Structure formats: structure tokens, C-alpha cells
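kindly generate the corresponding structure for this input.
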Amino acid sequence: MDAKIPTTYSSIRLDLLLLDRLTLIQRICLTVVTLIAGITLITWFYPPLSYLLPAGWIHMKANTCLTILCTVLSLILAQPKRGPRLLMVSRILAGFVFLVAITVILGASLHISFNLSNVLLNKAWLPQPRMGAGISPEPAFFLALLSLVVVLMRIHKRFAAMLADLLVFCISLLVLIIGAGNLFGASRLSDLAAGVHVSPQTLLCLLLLAYVIVLRKAETGYFAILMGTGIGSKIARIACPFALLLPFLLDMGENSLVQKGWMSAPYAMALSSSAAAMLAFTLILILAWRIDALEKAVHDLSLRDELTQVYNRRGFYMLAEQSLYLAQRSKVPFSVLFIDLDDLKLINDTLGHDAGSSFLYEVALLLKRSFRRSDVIGRVGGDEFVVAGEASEITILRAVERLKKATVEWNAQPGRTYRICYSYGLVTADPGQDESLEELLNRADKAMYEAKRNKKQMRITYPDEPAAD
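Below you'll find the model as predicted:
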């Protein structure tokens, strides 16, 4: 299921089923963030509970917990289905988080204490303050950017949408830098964060919030390409996990090899670079195969009849003309079989259009079973089928006999409410002849109508004789 959702400057056709699944993932992520920040905040008010938590859990600051909880609430209230009053509350919360975060950043850079972040949960309010309750500069950078996105998210103006997309990109970059720094043992992101440490659960909250804001923003703007139904969207969903994860996995592997002493640093770097090159090459091959398959599917959709799954008129003419050209070039005979179905209108009128559709589908199935895969089979009219390919008159007559035999066996099945019957005409262009496809079709069409007239005459002369196909 898909639909074209209006966006500010995007015409991507979004996959609604995918969006529904991602909405559920967003809720799960926000629930996890709420539990982490909420439980940690409770331990600041009741320290004995901290002994029940994993090691390192207490390093998450109390004010970090509070601002993250405000951010979660602002994200929930900023959802598209919320009314203007709740949206206003969401923006107020986001503005509050931005104000707290910016004072932390300015205070760290100018070495000035604004005391705003400490006022939220200061020492007087906490039973046993530990390691300071203030926010670290790194999460403050992240929360400041995220709060701006929340404010801009439902402003339907081009500049606001573009700015929000840029901020989401910066948020993603920042959380990757923070995560990589912690992963590879960096003590701080910059001199502003000297002496502070981003706890594991803080990092997890930042990662989940970044994931939520990317998904939320992906419903509009440039990130919508990740949620579309087109070829580009499907390719992007395949490539993005590789692009985001592979560099970190390779660097982790390189560091592990060096630290364990299994190989020298230069050789580990060479191995990592070679692995990166081969993995990128493999990804290109995978994407190329995927693009080719999707392109073929789109091509088939434009050239095939939806009901019968044989070629439509456009597809038949395109492929049959190419096949005729190759036959003339190779000096081999080329045959055309023109088939007109009998009693399709009668079946539609008496048994309904579903029976008529089944009739057409069954005929197409018999044709595909009776002729070669190299032959071009098409439905060129409501009840008209054509088969064309490199074949002599003897070869095409043998195929027609296979079709007749298959038709008799099909009609003999018990419980059938109608018989498959048809009239046909066939022609063969000898090697060296320079007839066009249109001329061959006209000849086959005339031969078919001659056969149909003969069949009607037989019915008049011998009414009790069953009509031959």
C-alpha cells in the first residue's frame, strides 16, 4: 500500500505500510529512552537503587535525564495528528531544552557559570549529589540541535523544512562522532568537554533520539527518499546500513588486531583498507543486480498485459519487430500465428466478466505451454492473441498441434462451465523476404477470418457436429 503524501518540497511516493511499522519503532525507542532517563533520575533522588543498576549507570547526570525526558515529551506532542495547543506546549518544552543546552555550551566555552542547568536539580534538592548533576557539553550540543528540529518540524515553509533537514543531518553526524569517540576510547569530543564522560545509557538515549528524529523527518523533505516506493528508495534502504556501519566495524577490527598483537599497525591498516575496498565492490555488485531486477520489473509492467501476463500490444510489436529483424538478417524463416477467441462475449454475458477473465488467462496459459520461450506471445486486442518467432511452417504447425491437444485436454477437465475454442490463421515468411511485421499480421489476420468463416459454414451445414478449434 502506498500513497503520495504532500510534502514541503518533495514528491516522493511514500510507503504507508513501512511508515506504520516505523511509527511503532519510534514509540518503542521513545519508551526505552523514557525508561532509561526516568529510572536514572529516580536513583538520583534515592541513591540506594543505584546498586541494583548496571555498573556505570550512575554516570548519567540528573539534569541530562530531566532534559531528555522533556525532549521525549516534546517529540510526542509534536506528532502530526496533535492539535495546535499541544503543538504549542511541545515547542515551549523544546525551547526550554534549547535554553538549558545553550547555557551549558556557552558556559563551557566562555568558562562562565550561568547556573541555569544546576537550578533544575541543584545540590539542595538531591539527597546525595554525586559527580555533579549538570549536563555535559556533548549531550548539550545534541539536545540543542534536536530541540530546534522539534520547533521547525511542523512549519510548512521551504526554508524551515530545509533548515530542519540540515539540522537532522548535523544531529546524525554528531551522534556518530560521540559514539565513535566512546567506542575508540576518546576521552572527550573537544576541550569544552574536558574532564567529563558520556555514560553508556546517555549515549544510547542520544542514538535512539537521533533515530527517532530521522524517521520523523523522513516523512517530508530530503529524507523522504528513505521511505519511498521507488527504485531509488529501495536501493537507499539497502545501502544505508552498509554505509553507516562498515567503517566502524572495520576500524574496530583493525584496533582489535593491533591491541591483541596479532599483526602490526601498518599491516592491520592495509588489511582494513583492502577489506573496505572489497566490501564496497561487493555492495556495488549487489546494488547493480538489484537495480537491474527492478528495472526489468518496471519494464515488464509497461510491456505486459496485466490480466494474462503475456505481452500487451506495445510489448508485442516492440519484441516481435526485433525478432523479425534478426530472422531476416540471419536468413531464417519467420512465422506469425493470429488467434481469435470464440464466444468471449457470450461467456461475459451469461457467466459474468470473472469467467471471461478466466477464459483469457487460460488461453494465455495454454499458449505459453505450447510455444517456445523464445517465441513472442502477445494479446493485441480484447479477444485476439498473436504468436511470432523464428520458425518454419512445419515448426509452427507442430506448435499449433500441441496447442490443439492441450486445449482438448483442458476442455475435458470435469466441472468446466465453458469450452475454450478459437479460430486461427498462420503465415510464414521465407528467408530472403522483406515483409514488415504489419504485413505479416495482416496476412495472418485474413487467414484467421477465412478459417472463422469456414467454421461458421460448417456449423450451418452440420449443426450437430462439434466445432473444431
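
just the pLDDT for residue 350.
You'll see residue 350 listed with a pLDDT of 87.

where's it, which helix or strand?
Using DSSP states H and E, residue 350 sits in helix 344-351.

who are the packing partners of that helix?
Applying 3 or more CB pairs under 8 Å, 6 or more residues apart in numbering; DSSP states H and E, one finds that helix 344-351 contacts helix 353-370. Just so you know, the C-beta spots here come from the backbone N, C-alpha and C atoms, and that holds for glycine as well.

show me what the helix holding residue 350 is in contact with.
355, 356, 359, 360, 382, 383, 417, 418 (CB atoms under 8 Å, 6 or more residues apart in numbering).

right, and the helix or strand after the longest helix seen in the chain?
Criterion DSSP state H: the longest helix present in the chain is helix 265-303. As assigned by DSSP H and E, the chain's next helix or strand after helix 265-303 is helix 313-330.

ramachandran coordinates for residue 378?
Main-chain torsions, residue 378, degrees, to the nearest 10: phi -140, psi 150.

would you mind measuring from the closest residue to it other than its chain neighbours to residue 376?
Spatially, and ignoring its direct neighbours in sequence, residue 378 is nearest to residue 316 (2.7 Å; CB to CB, 6 or more residues apart in numbering). Plainly put, residue 316 is 6 Å away from residue 376 if you go by CB to CB, to the nearest Å.

out of those two, which sits in the busier spot?
Higher neighbour count among residue 316 and residue 376: residue 316, with 25 against 22, using other CB atoms under 10 Å.

can you pull the pLDDT of that one?
For residue 316, the model assigns a pLDDT of 90.

show me the contacts for it.
Residue 316 sits in contact with 376, 377, 378, 379, 380, 386, 388, where contact means CB under 8 Å, 6+ apart.

give me the mean pLDDT for the helix or strand containing the second one.
Secondary structure here is read from DSSP H and E; on that basis residue 377 sits in strand 376-379. For strand 376-379, the mean per-residue pLDDT is 92.

which strands and helices sit next to it?
helix 313-330, helix 353-370, strand 384-390.

pull out the CA atoms of stretch 302-315 and give them to me as PDB.
The C-alpha trace of stretch 302-315 is given here as PDB (Å, rounded to 0.1, in the frame of the first residue of the first chain):
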ATOM      1  CA  SER A 302       4.900  -1.400 -19.100                       C
ATOM      2  CA  LEU A 303       5.100  -4.100 -21.800                       C
ATOM      3  CA  ARG A 304       2.900  -6.900 -20.300                       C
ATOM      4  CA  ASP A 305      -0.900  -7.400 -20.200                       C
ATOM      5  CA  GLU A 306      -1.900  -7.300 -16.500                       C
ATOM      6  CA  LEU A 307      -4.600 -10.000 -16.900                       C
ATOM      7  CA  THR A 308      -2.900 -12.600 -19.000                       C
ATOM      8  CA  GLN A 309       0.800 -11.800 -18.200                       C
ATOM      9  CA  VAL A 310       1.700 -12.100 -21.900                       C
ATOM     10  CA  TYR A 311       2.900  -9.000 -23.800                       C
ATOM     11  CA  ASN A 312       0.500  -6.300 -24.500                       C
ATOM     12  CA  ARG A 313       0.200  -4.700 -27.900                       C
ATOM     13  CA  ARG A 314       3.100  -2.300 -27.400                       C
ATOM     14  CA  GLY A 315       5.300  -5.000 -25.900                       C
END
